[in-house]
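**Student:** pasting the sequence and the predicted coordinates here, then a few questions.
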Amino acid sequence: MAALSRDDAEDHAAAPEVRVEALERLLVERGLIDPRRIDGIVERYATDVGPLAGARVVARAWVDEAFRDRLLADGTAAVQELGLDGVQMERLVVKANSDEVHHVVCCTLCSCYPWAMLGLPPAWYKSFEYRSRVVREPRRVLRELGLELPDEIEVRVWDSTAELRYLVLPQRPTAAAGLAEEELVGWVTRDAMIGVERDLREPAEGGGAR
Ligand code: FE
């Protein structure tokens, strides 16, 4: 085993993007990966995936109780019914909000996130502030993010990992009663599926998943 050195310590402290770049360069040099393929994957998550996939899942669960049950029992299998891929390498667990319970998702260790459902995570999700504080003082963090929860609603915080990604199933807004599944998709926001938003409002004209 190699002895530790100051250089090692500094390497470990390097910003994630520096480490990722170094890792990518090494893999390319060794012919293990094609950089164009990596750029393609990043591009796909940055522009194509977005929160729309998650919004489709939520809207289906609002109109189809049997699907909702399957989604809560085995999220990975249920989203595949909708033709959504990209979750094979991880397990998706869906937590449903109720009148009594509010769920919120984080990754205390790094920034694990249901990419295949929500696209790229927002910057605050990856911040040290959010990761370290939401588990200790969730109500306060939620309040700072604009969500004031009454005391009688219990808050549950779910810590994601590389193997396990969480998605919050928000409650169907009463104002959206009677709407068709396709219309409901527009009501679902990314932040509600992370759990930092709770009461969904009618989307602005022409609004898609936000
Ligand atoms: Fe992580």
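**Tutor:** Sure thing, it's come through.
**Student:** any low-confidence regions in the chain?
**Tutor:** Counting by pLDDT under 70, the ranges of the chain that qualify are 1-14, 46-48, 86-89, 205-210.
**Student:** in it, which spans are strands?
**Tutor:** All strands of the chain, identified by DSSP state E, fall at 91-96, 101-106, 154-159, 164-169.
**Student:** tilt between the first one and strand 101-106?
**Tutor:** So the one you mean is strand 91-96. Taking axes from the mean of the first three to the mean of the last three Cα atoms, to 10 degrees, strand 91-96 and strand 101-106 form an angle of 150 degrees between their directions.
**Student:** got the residues of the protein near the ion?
**Tutor:** Within the chain, the positions near the ion by Cβ under 5 Å from the ion are Cys107, Leu109, Cys110, Cys112. Backbone N, C-alpha and C define where each C-beta goes, glycine included.
**Student:** which of the residues you listed are buried?
**Tutor:** Buried subset of the residues of the chain next to the ion (neighbour count, 16 or more other Cβ atoms under 10 Å): Cys107, Cys112.
**Student:** show me which pair in the residues of the chain next to the ion is furthest apart.
**Tutor:** Leu109 and Cys112 (7.3 Å; Cβ to Cβ).
**Student:** shared neighbours, those two?
**Tutor:** Thr161 (Cβ atoms under 8 Å, 6 or more residues apart in numbering).
**Student:** list the helices and strands the lengthiest helix in the chain packs on?
**Tutor:** Counting by DSSP state H, the longest helix found in the chain is helix 16-29. Using 3 or more Cβ pairs under 8 Å, 6 or more residues apart in numbering; DSSP states H and E as the contact test, the elements touching helix 16-29 are helix 35-43.
**Student:** quick one: the helix it packs on to helix 16-29, angle?
**Tutor:** Here helix 35-43 runs at an angle of 150 degrees relative to helix 16-29 (the same axes, to 10 degrees).
**Student:** can you list contacts of helix 35-43?
**Tutor:** Glu24, Val28.
**Student:** what does stretch 55-64 give?
**Tutor:** 67-68, 71, 78-79, 82, 84, 94, 96, 117, 167, 169-170, 172, 176, 180-182, 184-189, 193, 208-209.
**Student:** in helices, which of these fall?
**Tutor:** Per DSSP H, those map to helices at Phe67, Arg68, Leu71, Ala78, Val79, Met117, Glu181, Glu182, Leu184, Val185, Met193.
**Student:** and these, which of them are buried?
**Tutor:** Neighbour-count burial (16+ other Cβ under 10 Å) applied to these gives Phe67, Arg68, Leu71, Ala78, Val79, Met117, Leu184, Val185, Met193.
**Student:** of these, closest to the ion?
**Tutor:** Met117 (15.3 Å; Cβ to the ion).
**Student:** how many neighbours does the residue nearest to that closest one when sequence neighbours are not counted have?
**Tutor:** Nearest-residue entry for Met117: Gly54, 3.8 Å, with adjacent residues in sequence omitted and distances by Cβ to Cβ, 6 or more residues apart in numbering. Number of residues near Gly54 (other Cβ atoms under 10 Å) recorded here: 30.
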